[in-house]
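Undergrad: let me see the structure of the following:
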Amino acid sequence: MTSAVLEEALKKAALAWVSVGDGPALGLWCMPLEGSLILVTGPGEQSAPGLAEAATATVRLRGDTGGLIVVSDMTVTRLAPGSEEWETIAPQLAQKRLNATGTFGELVTRWAAAGCAVVRLTPSEPDVPVTAPNLPADSGADTPRETPARNETRRPFRLHRVRKP
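TA: Have a look, this model is predicted:
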């Protein structure tokens, strides 16, 4: 039996912070469905390294005000292309996918052909989710990772001299 806070957060979730093992938490868009979260990851979709192969993941969900309200360990289940679950859930997920090219059917076919993983995150049964007042006191923010995409900024060009007041 899950807590009422977790059930309500799952119903309203559009974004979840998901971490696998000791990895960083990644903000992933998701679709709530029957007390679980459905998301897609893979080529051409959002990146979630290791999620499709993991057995469990830690999920952080926010409330109406945008702050963290619940942290829960969830069971990860990968849906197999062609299975009955895939045939019912993948088209629903494709309809929620923004800015996708092609029809919903073409998108689902591309997911299956490209090896994308459609994943279901379900609250673990013995797990008791962490809610207020037991939430972590720190922000949970991680230090920025090094990236080659950083550009050094130059001082702006001034055509005329600027007088100091």
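
Undergrad: mind listing what's buried in the longest helix along the chain?
TA: Ranked by residue count, the top helix of the chain under DSSP state H comes out as helix 84-96. Across helix 84-96, burial judged by 16 or more other C-beta atoms under 10 Å covers 86, 89, 90, 93, 94. To be clear about C-beta, it is placed using only N, CA and C from the backbone, and glycine gets the same treatment.

Undergrad: can you check stretch 10-24 too?
TA: Residues 10, 13, 16, 17, 18, 19, 20 are the ones in stretch 10-24 that count as buried (16+ other C-beta under 10 Å).

Undergrad: identify the residues contacting it?
TA: Contacts of stretch 10-24 with the rest of the structure, by C-beta atoms under 8 Å, 6 or more residues apart in numbering, involve 2, 25-30, 32, 35-37, 39, 48-51, 54, 57-62, 64, 121, 123, 140, 142, 145.

Undergrad: now, of those, which are buried?
TA: 2, 25-26, 28-30, 32, 36-37, 39, 48, 51, 54, 57-62, 121, 123.

Undergrad: right, and residue 7 touches residue 35 too?
TA: Yes - the pair residue 7 and residue 35 passes the contact test of C-beta atoms under 8 Å, sitting 6.7 Å apart.

Undergrad: circling back: from the buried residues of helix 84-96, which is closest to residue 69?
TA: Proximity of the buried residues of helix 84-96 to residue 69 (C-beta to C-beta) peaks at residue 93, which lies at 24.1 Å.

Undergrad: in contact with the closest one, which residues?
TA: So residue 93 contacts 31, 38, 39, 40, 118 (C-beta under 8 Å, 6+ apart).

Undergrad: now the strands for the chain?
TA: In the chain, the strands defined using DSSP state E lie at 15-19, 26-29, 31-33, 36-41, 56-62, 68-79, 117-123, 130-131.

Undergrad: tell me the contacts of the most centrally placed residue in the chain?
TA: When C-alpha atoms, centre = their mean is applied to the chain, the residue found nearest the centroid is residue 28 (1.8 Å). Counting by C-beta under 8 Å, 6+ apart, residue 28 makes contact with 15, 16, 17, 18, 39, 41, 46, 48.
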